[in-house]
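A.B. asks: no letters, just coordinates:
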Ligand code: CTP
Ligand code: ZN
């Protein structure tokens, strides 16, 4: 490792999650959907437009003391399918995996259609089928594409 190693722009963490290979420019969107707004006590480091062999430019997020839940991973996969998640324990990379696009997400997104049964006070949990581009409400077939990030309810 050299002093100008791009991975060392942000220092190593003791425990938590490193979300690597986020497409350049999306780090703040990812933070938003994970509900990290600086109001909580999590220590978060953000690297933006870090040079990357694979992506040209990438963003990287380091969230200390927090391992992402499955619903957080599901949301992440919809926004940044190329992301790598590294779980850090005792300064070591304990687990490393690519996010996987699920075939369906349940309870992670809210349907924007006011007439959808999931908005009628019924105990029906919002359920979306994951498409190649976007997601589709299982109940009313409303499709979300670019606006997906506006409807996250993790
Ligand atoms: N990392 C960290 N704190 C640690 C260990 C690792 O912040 N205690 C970060 C590294 O800076 C890197 C990511 O976690 O951004 C993955 O670490 P590692 O697997 O060691 O790096 P690479 O081999 O470069 O990962 P990849 O092959 O996934 O690009
Ligand atoms: Zn719906």
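C.D. replies: Looks like it came in fine. Model, not experiment: these values are computed from the prediction. Ligands and ions are numbered 1, 2, ... in the order given.
A.B. asks: tally of neighbours for the nearest residue to residue 140 once chain neighbours are set aside?
C.D. replies: Spatially, and ignoring its direct neighbours in sequence, residue 140 is nearest to residue 116 (4.3 Å; Cβ to Cβ, 6 or more residues apart in numbering). For glycine as for every other residue, the C-beta is placed from the backbone atoms N, C-alpha and C. Taking other Cβ atoms under 10 Å as the criterion, the count of residues near residue 116 is 19.
A.B. asks: gap between the nearest residue to residue 14 once chain neighbours are set aside and ligand 1?
C.D. replies: Across the structure, with Cβ to Cβ, 6+ apart as the measure, the residue nearest residue 14 apart from its sequence neighbours is residue 91 (5.6 Å). Distance of residue 91 to ligand 1, given as Cβ to the nearest ligand atom, to the nearest Å: 4 Å.
A.B. asks: in this protein, which spans are strands?
C.D. replies: 16-23, 44-52, 56-64, 84-89, 92-98, 104-106, 127-130, 135-137, 143-144 (DSSP state E).
A.B. asks: out of those, flag the one nearest ligand 2.
C.D. replies: Ligand 2 lies closest, by Cβ to the ion, to one member of those: strand 135-137, at 3.2 Å.
A.B. asks: what does the closest one rub up against?
C.D. replies: Taking contacts as Cβ atoms under 8 Å, 6 or more residues apart in numbering, the residues outside strand 135-137 that touch it are 78, 105, 109, 111, 113, 116, 118, 126-129, 142-144, 148.
A.B. asks: and if we set it to 10 Å?
C.D. replies: The list of residues contacting strand 135-137 from outside it, by Cβ atoms under 10 Å, 6 or more residues apart in numbering, reads 78, 101-102, 104-105, 108-113, 116-118, 126-130, 142-145, 148, 151.
A.B. asks: what bridges to the residue lying closest to residue 25 once chain neighbours are set aside?
C.D. replies: Taking Cβ to Cβ, 6+ apart as the measure, residue 25 lies nearest to residue 59, with 6.8 Å between them; neighbours along the chain are not counted. Note on residue 59: beta-bridge partners residue 22, judged by DSSP bridges.
A.B. asks: quick check, pLDDT for residue 59.
C.D. replies: Each residue has a pLDDT score; the one for residue 59 is 95.
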